[in-house]
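Novice: here you go, sequence then predicted model.
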Amino acid sequence: MKKTVLVTGSSSGFGFLTALEFAKNGYEVIAAVRNAQKGTKLIEEAKKIGVQKQIVLEILDVTCTKSIAYLREKIEGKGQLDILVNNAGYAGAGFAEEITLQEYREQMETNFFGAIAVTQAFLPLMRSNGCGKIIMMSSISGKMGFPGLSPYVSSKFALEGWSESLRLELLPFSIYVTLVEPGSYKTNIWTDGKKITKKSLLSSSPYASQLKSVETYLKQGEEKYGDPLEVAQKIISIAETKKPKLRYRLGKGVGMSIFLKEHLPWKWWEKTVLYILRK
């Protein structure tokens, strides 16, 4: 029997490539997107490589209870879900003093509470089947803070802690929770997927020079960003691993950066980060 996987946020970036890779590897893929128009590109690409029959496009807004419940009923009717990839999300940016509480709440609703809501909806089905894998799309930002990115960083830190607890709760049911922690890859997360608070974009902002430094840093590094297909292929590997570990770190320098942040005295670490931004 073919295994079934649900991938949220399948319209672009890691979700787009992950849905296609699962289909190419023989999985029945439920590709969830916020609206049908956003899924057009995915279906067109699936047709090009001959895997369109492996993909079913479904509408899912991870911040909407009714949307989640509707999709849950459809999948429960089929009686099978082997793998859940919680990928839906975006990057909130700006400086903490200028970001509204509403903007923080919106970030958490999608990146954190959205993952919780979708997971809770499909866990009963996985438990009844006696197995499953839940793959959380985290980030290096879930392990270290960075100026100008506090909404995104906070959502990923929260996802990390929740996933650790969830993994311990679900291991007795043979359900494995895994965190994928990519560094910088060539996706649209820092372009179309980035939402900068309005105040931080003003030239009158006290953080204007810092924002310019952060954007320059991100832009200068684009040429060195990794191929996002590497992340999609790693997710397939995790799905096919009998007992996957909790964390998988991907990307040039990611492992070393996290190691240094966790082991250097904090004052050395902060001097390093601020020096990099001043270059």
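Specialist: Thanks, I have it.
Novice: so where's the chain shaky on pLDDT?
Specialist: For the chain, applying pLDDT under 70 flags the ranges 188-194, 221.
Novice: quick check: longest strand of it.
Specialist: strand 175-182 (DSSP state E).
Novice: where exactly do the strands run in the stretch 1-150 of the chain?
Specialist: 4-7, 28-33, 55-59, 83-86, 91-93, 132-137 (DSSP state E, counting those that start in this stretch).
Novice: quick check: angle from the third one to strand 28-33?
Specialist: Our comparison of strand 55-59 with strand 28-33, counting by axes from the mean of the first three to the mean of the last three Cα atoms, to 10 degrees, yields an angle of 30 degrees.
Novice: quick one, the longest strand of the chain and strand 132-137 angle?
Specialist: Here the directions of strand 175-182 and strand 132-137 differ by 20 degrees (the same axes, to 10 degrees).
Novice: could you export strand 175-182 as PDB, keeping only the C-alpha atoms?
Specialist: The C-alpha trace of strand 175-182 is given here as PDB (Å, rounded to 0.1, in the frame of the first residue of the first chain):
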ATOM      1  CA  ILE A 175       5.000   8.200  16.200                       C
ATOM      2  CA  TYR A 176       8.200  10.100  15.600                       C
ATOM      3  CA  VAL A 177       8.400  13.900  15.700                       C
ATOM      4  CA  THR A 178      11.400  15.500  13.800                       C
ATOM      5  CA  LEU A 179      12.700  19.000  13.500                       C
ATOM      6  CA  VAL A 180      14.300  20.100  10.200                       C
ATOM      7  CA  GLU A 181      16.600  23.100  10.800                       C
ATOM      8  CA  PRO A 182      17.800  24.600   7.500                       C
END
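Novice: one step back: turn the strands of the stretch 1-150 of the chain into TSV, including mean neighbour count and distance to E181.
Specialist: Quick note: C-beta positions are derived from backbone N, CA and C, even for glycine. What follows is the strands of the stretch 1-150 of the chain, written out as TSV (neighbours: other Cβ atoms under 10 Å; distance: least, Cβ to Cβ, whole Å):
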stretch	mean neighbour count	distance to E181
strand 4-7	26	18
strand 28-33	26	22
strand 55-59	19	26
strand 83-86	27	14
strand 91-93	24	15
strand 132-137	24	9
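Novice: no further queries at this time; thank you.
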